[in-house]
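**Student:** The sequence and its predicted three-dimensional model are supplied below.
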Amino acid sequence: MKAQLLKKLQQITEQNLIDIETHKEKGNQAIGFYCLYAPTELAVAANAIPLPLCGTRQDPIEAAEEVLPRNLCPLIKSSYGFAASHTCPFFKFSDLIVADTTCDGKKKMFELMNEIKPVHVLQLPQQQKIDLFLAPWKKEIEQLKQEVENLTGKTITSQDISDAIRLLNRERRALKRLMDVTKANPSPLTGMELLEVLFKTGFFADKEKGIAIMNEISDVCETLSLNNQTPYTPGTPRILLTGVPIGLGSDKIVNILEESGASVVAFENCSGYKKAFQVDENKDPITALAEQYLSIPCSVMSPNPGRFELLEEMISEFSIDGVVDLTWQACHTYNIEAHKIQEFVSDRFSLPYLHIETDYSESDTEQLRVRIEAFIEMI
Ligand code: SF4
Ligand code: SF4
């Protein structure tokens, strides 16, 4: 049954490109987003399809390195390479690109990307103090709303934004429910399966299709758990993955962990639990968006207390046996924050911790396998 649903997910994924084309043929728009901090509700409110664009594959990096320095985060190079080589259908579909001033590499890359397609860059505060930074951040969101209105020719009302918040809250509840099925011990879902669902549903033009398939998979997994059906044997080490975002194509760590006998049950990064928040449905919608998005606990915030709070919650709720902290090469914010994360995991929870710095290539796979196998054995 789980296999059938994963096959259905693949069919919807293939149909999705046609769905986006059909939507555009009717005169509607698609908007590409590069980071979790940008409120996709504004696209949905204008009947435009929000598309996540962060590059997760190695293939376009060579093209990117013709322009960008080699010593740069692979996510940034992959994102730019896809745009420059015109090989990402979702970038091609996007009528506007929305980005944020998160890390230095990304924001400078967007200046170059703007020469390929218009990029609207949100000036993201680097701190989450509401009294200092909520007002300017709210202004950024209001300006984005204006830009989306100009693009689509649609006036976005407060009601439109509230409806979009409700829809995307439902999507995020389905996401959270799906990610929570792995709280069962042993988990009914492998880390690679969970990653595949999280990644593919992110591109769905029809949000209802994504919500429905995630709930169907959760239903099946919950039944599997009740019947003790699982791909794992009792006692399989349960791993929480924290750090940089990952996706299909940049999944080698999850793969190696599971091939080495672990079960990756929790993704704390912005491709996982960090995006399962709820926006307040009872406030002025722009204020609610500004507050919620500003509170995302990514390492580009300084300080970043929310990541420690989230880790604390997840380590106990998912019965974690070990923490793997992933940093993409040249990502200074996650690399430096790793020191405090290691102290936190070791001192507070006495759990084994492994910090890995790598890129999207396969060149260090065997070296990583040796380190990861030793780590799993230690657990
Ligand atoms: S890691 Fe942080 S900056 Fe990078 S995409 Fe995620 S939220 Fe944005
Ligand atoms: S992983 Fe780090 S360097 Fe790469 S885009 Fe995200 S914050 Fe920037």
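**Tutor:** Cool, the structure landed. Ligands and ions are numbered 1, 2, ... in the order given.
**Student:** give the contact list for Cys270.
**Tutor:** 35-36, 245, 296, 298 (CB atoms under 8 Å, 6 or more residues apart in numbering). Every residue, glycine included, has its C-beta placed from N, CA and C.
**Student:** Tell me the spacing between it and ligand 1.
**Tutor:** Between Cys270 and ligand 1 the computed distance is 3 Å (CB to the nearest ligand atom, to the nearest Å).
**Student:** With Asp347 instead?
**Tutor:** The gap separating Asp347 from ligand 1 is 25 Å, by CB to the nearest ligand atom.
**Student:** Give me the neighbour count for that residue.
**Tutor:** 8 (other CB atoms under 10 Å).
**Student:** can you give me the helices for the stretch 101-250 of the chain?
**Tutor:** 104-113, 130-152, 158-180, 191-201, 207-226 (DSSP state H, counting those that start in this stretch).
**Student:** My guess is Arg307 contacts Pro297. True?
**Tutor:** Yes - applying CB atoms under 8 Å, one finds Arg307 in contact with Pro297, separated by 4.2 Å.
**Student:** pLDDT on stretch 278-286, on average?
**Tutor:** Averaging pLDDT along stretch 278-286 yields 98.
**Student:** Kindly check the end-to-end length of that stretch for me.
**Tutor:** End-to-end distance of stretch 278-286 (CA to CA, to the nearest Å): 14 Å.
**Student:** Residues in contact with it: which ones?
**Tutor:** 41, 138, 141-142, 145, 158, 161-162, 165-166, 168-169, 172-173, 288-289, 291-292.
**Student:** how far out from the middle of the chain is it?
**Tutor:** With CA atoms, centre = their mean, to the nearest Å as the basis, stretch 278-286 stands 22 Å off its chain's centre.
**Student:** Regarding His86, what is its secondary structure?
**Tutor:** Here His86 is recorded as coil under DSSP: H, G, I helix; E, B strand; the rest coil.
**Student:** Hmm, I typed the wrong one, I wanted Gly55.
**Tutor:** Criterion first, three-state DSSP; result for Gly55: coil.
**Student:** Would you confirm that it contacts Cys73?
**Tutor:** No - checked against CB under 8 Å, the pair Gly55 and Cys73 is beyond contact range at 10.2 Å.
**Student:** related to what we said a few turns ago, can you flag the buried ones in the contacts of stretch 278-286?
**Tutor:** Among those, the ones that count as buried by 16 or more other CB atoms under 10 Å are 41, 138, 141, 145, 161-162, 165, 168-169, 172, 288-289, 291-292.
**Student:** Contact distance from ligand 2 - what residues of the stretch 151-300 of the chain qualify?
**Tutor:** Selection of the stretch 151-300 of the chain residues close to ligand 2 by CB under 6 Å from any ligand atom yields 244, 300.
**Student:** now the strands: where do they sit in the stretch 251-379 of the chain?
**Tutor:** In order along the chain, the stretch 251-379 of the chain carries the following strands (DSSP state E, counting those that start in this stretch): 263-267, 322-328, 353-358.
**Student:** Let me have those in JSON lines, extended by mean neighbour count, distance to ligand 1 and mean pLDDT.
**Tutor:** Putting these into JSON lines (neighbours: other CB atoms under 10 Å; distance: least, CB to the nearest ligand atom, whole Å; pLDDT from 0 to 100) gives the following:
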{"stretch": "strand 263-267", "mean neighbour count": "26", "distance to ligand 1": "12", "mean pLDDT": "98"}
{"stretch": "strand 322-328", "mean neighbour count": "23", "distance to ligand 1": "9", "mean pLDDT": "98"}
{"stretch": "strand 353-358", "mean neighbour count": "19", "distance to ligand 1": "15", "mean pLDDT": "98"}
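**Student:** can you put the ones you listed in TSV and add distance to Asp95?
**Tutor:** Below are those laid out as TSV (distance: least, CB to CB, whole Å):
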stretch	distance to Asp95
strand 263-267	30
strand 322-328	29
strand 353-358	35
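**Student:** and of those strands, who's closest to Ser250?
**Tutor:** Taking CB to CB, strand 322-328 is the member of the strands of the stretch 251-379 of the chain nearest to Ser250, at 8.2 Å.
**Student:** For the closest one, which outside residues touch it?
**Tutor:** Outside strand 322-328, the residues touching it (CB under 8 Å, 6+ apart) are 73-75, 237-244, 246, 253, 257, 262, 269, 311, 315, 334-335, 338, 341-342, 345, 351-359, 372, 375-376, 379.
**Student:** Just the buried ones from the residues you listed, in PyMOL syntax?
**Tutor:** PyMOL command restricting the contacts of strand 322-328 to the buried ones, with burial defined by 16+ other CB under 10 Å:
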select buried, resi 73+74+75+237+238+239+240+241+242+243+244+246+253+257+262+269+311+315+334+335+338+341+345+352+353+354+355+356+357+358+359+372+375+376
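**Student:** What is the nearest of the buried ones among the contacts of stretch 278-286 to ligand 2?
**Tutor:** Nearest to ligand 2 among those is Gln292, at 19.6 Å by CB to the nearest ligand atom.
**Student:** Spit out the contact partners of the residue nearest to Arg57 when sequence neighbours are not counted.
**Tutor:** In this structure, Arg57 finds its nearest non-sequential neighbour in Gly249, 3.6 Å apart by CB to CB, 6 or more residues apart in numbering. With contact taken as CB under 8 Å, 6+ apart, Gly249 is in contact with 56-59, 360.
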